[in-house]
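>>> Build the 3D model from these lines:
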Amino acid sequence: MSGTLVSGKLLTNMSGELPLKSMKITCIGDVSFDALRRHQSKAIHGSVHSVFRRCAYLQFDQSIFCLAESELGAGPINILFDAPGVSLLNSLSPGQNVVMSSVSLILSADQIYSMRFADVHESKISAYRVTDEHVTEINLMLRELQLPSDGIAQLLQTRTNLAHASIVLKFVAPAINEFLIDLKTQLKRISVVPHSSSWSNNASWFRLVGAGPGLTPSGDDFLCGAFHALYLTGYARIASDLWCQMVDHCRNATTDIAFALLQQSANGRQSERVSLLTSELFGEHMNCPNRVGQQLSSVGASSGWDWFTGFVMCLNTISESSVNDIGSTKTDAGRIAFTESSSSGVHLVHSQ
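Below you'll find the predicted structure:
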């Protein structure tokens, strides 16, 4: 007779299968799937880390998985279920024991989720031939987007005066400037000596990590966007070296969940929503600002927009520094750049 182990007890029905009340996991991220597969279907024990309206985070040693309603979309560590989320998530509490294997997820004796037929979401970012025309079009589209006042997306405006900005924005903007300067240095180095970069292991812009309120601080979201831009444009080595230098700092400087999401971005992984956004930005048809804005807003209160800020600024820096495909037809139209201001510290302007 087969069954599932829960705290030393075997749970089966008369036929040896999972209980009839068990519900289905419809999709599991490839990172989570690979982590479970390494245990060869053996049960691993963990606990509920935190619970939110549409999802709950589960922790198993150093790994964090996200149990979520299907509307949240697939992702590298997301485990999506088909049952109504209200009854499930309301029944969970931080610290509650959970058991999982590649066969099932067990939250309690009467909450058993089968994973036998779950689809595996492939989250790896593939390099894309990003042309300077793509970059110009994205920058021109920024003029039509309604940027939120929360977070750091205001840095994408044609001119952002920090004199009246939020505390977070004032703190983050100089660190972003330093990050982009450092990134330019890495891009120049790798153009001279391929596959070589040397990020500082104690850079001043490390203060971006954990900067801002919320589950995923604005500074972390910015870095996730920057990692995505690096992988998308083929600079995986720079992204990998960057993460090696900052990973130890990140463990202690931000939330557990933000660290997990940063780690996935640093490893070149993307969520389904980000994948759809990328297709929108680099597809055959002209970008629709309203649709892009809706996609960014759907990620969270400001997380999507903060991610987009990092993505666009990093993409511009790569475009300005590149001697390969991305700069094949150079033009500065709509390009975002930093400039100094004696009155308020830092402005952002579109260079002409």
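>>> On the three-state scheme, residue 120 is what?
Put simply, residue 120 is strand when judged by DSSP: H, G, I helix; E, B strand; the rest coil.
>>> quick one, strands of the chain?
Counting by DSSP state E, the segments of the chain that form strands are 4-6, 9-11, 23-29, 44-51, 55-60, 63-69, 78-81, 97-100, 104-108, 111-114, 119-121, 335-341, 345-351.
>>> Give me the angle between the third one and strand 63-69.
An angle of 120 degrees separates the directions of strand 23-29 and strand 63-69 when computed by axes from the mean of the first three to the mean of the last three CA atoms, to 10 degrees.
>>> ok, the closest residue to residue 58 other than its chain neighbours - contacts?
Of all residues not flanking residue 58 in the chain, residue 65 sits nearest, at 4.8 Å (CB to CB, 6 or more residues apart in numbering). For every residue, glycine as well, the C-beta is placed using N, CA and C. For residue 65, the contact set (CB atoms under 8 Å, 6 or more residues apart in numbering) comprises 32, 35, 57, 58, 59, 77, 78, 79, 100.
>>> quick one: which of those residues is nearest residue 265?
Nearest to residue 265 among those: residue 77, at 11.4 Å, using CB to CB.
>>> just to revisit the earlier point, relative to residue 223, which of the contacts of residue 65 is nearest.
residue 77 (17.3 Å).
>>> low pLDDT regions in the stretch 101-250 of the chain?
Counting by pLDDT under 70, the stretch 101-250 of the chain shows low-confidence ranges at 158-163, 192-197.
>>> Could you save the contacts of residue 65 as JSON lines and add columns showing pLDDT and neighbour count?
Compiled in JSON lines, these are given as follows (pLDDT from 0 to 100; neighbours: other CB atoms under 10 Å):
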{"residue": "32", "pLDDT": "93", "neighbour count": "28"}
{"residue": "35", "pLDDT": "89", "neighbour count": "18"}
{"residue": "57", "pLDDT": "96", "neighbour count": "20"}
{"residue": "58", "pLDDT": "96", "neighbour count": "24"}
{"residue": "59", "pLDDT": "95", "neighbour count": "18"}
{"residue": "77", "pLDDT": "97", "neighbour count": "28"}
{"residue": "78", "pLDDT": "96", "neighbour count": "23"}
{"residue": "79", "pLDDT": "94", "neighbour count": "27"}
{"residue": "100", "pLDDT": "91", "neighbour count": "26"}
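>>> Serialize those residues to TSV and add fields for distance to residue 310.
Below are the contacts of residue 65 laid out as TSV (distance: CB to CB, whole Å):
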residue	distance to residue 310
32	24
35	26
57	23
58	27
59	26
77	20
78	21
79	26
100	32
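>>> So which of those residues is the closest to residue 241?
Among the contacts of residue 65, and counting by CB to CB, the member closest to residue 241 is residue 77, at 23.1 Å.
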